[in-house]
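Asks: The sequence and its predicted three-dimensional model are supplied below.
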Number of protein chains: 2
Amino acid sequence: MQLYFIIFVAMSIIRRTKSVNDITQFFEESKYAVSVVNLVERFKEKMNKTTVYRILDKLENDGVIHSFIGRDSLKWYAKCQGCQSGHHTDTHPHFQCNSCGRVECLPVKLQLPEIQNLSIEYAEVNLVGKCTECSN
Amino acid sequence: MQLYFIIFVAMSIIRRTKSVNDITQFFEESKYAVSVVNLVERFKEKMNKTTVYRILDKLENDGVIHSFIGRDSLKWYAKCQGCQSGHHTDTHPHFQCNSCGRVECLPVKLQLPEIQNLSIEYAEVNLVGKCTECSN
DNA sequence: ATTAATTTGCAACCAAGTTGCATTAGTTGT
DNA sequence: ACAACTAATGCAACTTGGTTGCAAATTAAT
Ligand SMILES: [Mn+2]
Ligand SMILES: [Mn+2]
Ligand SMILES: [Zn+2]
Ligand SMILES: [Zn+2]
């Protein structure tokens, strides 16, 4: 409750452009990850694709959203939980349903394999399968 | 030893085209994974890029090589170990050194997270970090 | 009100990957 | 050995995700 208030105030004080606000708000409300093609399509009436790409870049740098590359070679974006500018602390696997195509962030702690002589900095884990709804 | 002999005989009997043989042999000898741009570049004197793409498709279907999408959005290929046409049993994580850029297959058994209500069919795990040589 | 700085749109471009089709090489049957 | 057929290859044109340079438009600073 208090957190939401703080976020609200911050969003008012840190004045953002209309475009940035539109995309930010979209991610606030979206439950799933969204591919970049989908985003460009979705906002094509409101803004140019170049603008979309630029804003996505910015939001990712600011720790508002994060991205990963899907098996379709597309860039997918989803909102971050508690990340800050420069450092993404919110690393987790992603799941894509190969039936309905939806992609979601999995709030699961990853345990990386320990490999001798390799220092692993980060991991990208993409799981593919069937989601709850598509299993029934 | 016997296995190698069998493979040798098989390669003689199952006649492949020159192009397929060239690419197959390249993978036999290569220790690391190779990006598709690299492959097209590497074979551009010998064959057209379309041919390279077609042969890669074929070899992947035949269970000779496997592919994954890197953080660079490129398709990377590496040789399979004991896979057969149609079914890839050789699933494992991949590691990319962000210093020298080399990508290798990790012969490690993956343990996938159990997620409620999700049936996971396969996982793509890409690890990024520093390799042995680049750590020194 | 002027000027300076940021943001946006647009068009042109780039690179990975695909497609259609003509040409060539390889197989098969006689 | 030759014709007839099949499969592999080359080439050009196209598609698509993504980038770049620059001019026009907004917004902020003085
Ligand atoms: Mn996520
Ligand atoms: Mn591999
Ligand atoms: Zn589904
Ligand atoms: Zn290295």
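Replies: Structure received. Ligands and ions are numbered 1, 2, ... in the order given.
Asks: contacts, neighbours, all on C-alpha from now
Replies: Fine.
Asks: neighbours around A:Glu114, how many?
Replies: When counting by other Cα atoms under 10 Å in any protein chain shown, one arrives at 10 neighbours for A:Glu114.
Asks: which stretches of chain A form helices?
Replies: Taking DSSP state H as the criterion, chain A contains helices spanning A:2-13, A:18-29, A:36-42, A:49-61, A:132-135.
Asks: who does the second one touch, helix- and strand-wise?
Replies: What it means is helix A:18-29. When contacts are defined as 3 or more Cα pairs under 8 Å, 6 or more residues apart in numbering or on different chains; DSSP states H and E, helix A:18-29 sits against helix A:49-61, strand A:75-79.
Asks: ranking those by burial, who's on top?
Replies: Highest mean neighbour count among these (mean count of other Cα atoms under 10 Å in any protein chain shown): strand A:75-79, with a mean of 21.
Asks: partners of that one, with directions?
Replies: Neighbouring strands of strand A:75-79 in its sheet, by DSSP bridges, are strand A:34-35 (antiparallel), strand A:65-69 (antiparallel).
Asks: mind checking how far the shortest one is from the chain centre?
Replies: A distance of 8 Å separates the centroid of the chain from that of strand A:34-35, by Cα atoms, centre = their mean, to the nearest Å.
Asks: which strand of chain A spans the most residues?
Replies: In chain A, with assignment by DSSP state E, the single longest strand is strand A:119-130.
Asks: ok, that strand: who's next to it in the sheet?
Replies: Assessed with DSSP bridges, strand A:119-130 is paired to strand A:94-97 (parallel), strand B:119-130 (antiparallel).
Asks: for the residue nearest the centre of chain A, which residues make a bridge with it?
Replies: Nearest to the geometric centre of chain A sits A:Ala78, at 1.6 Å (Cα atoms, centre = their mean). Assessed by DSSP bridges, A:Ala78 has beta-bridge partners A:His66.
Asks: Show me which residues of chain A are close to chain B?
Replies: Proximity of chain A to chain B is confined to A:68-71, A:73-74, A:108, A:110, A:113, A:117-132 under the rule Cα under 8 Å from any Cα of the partner chain.
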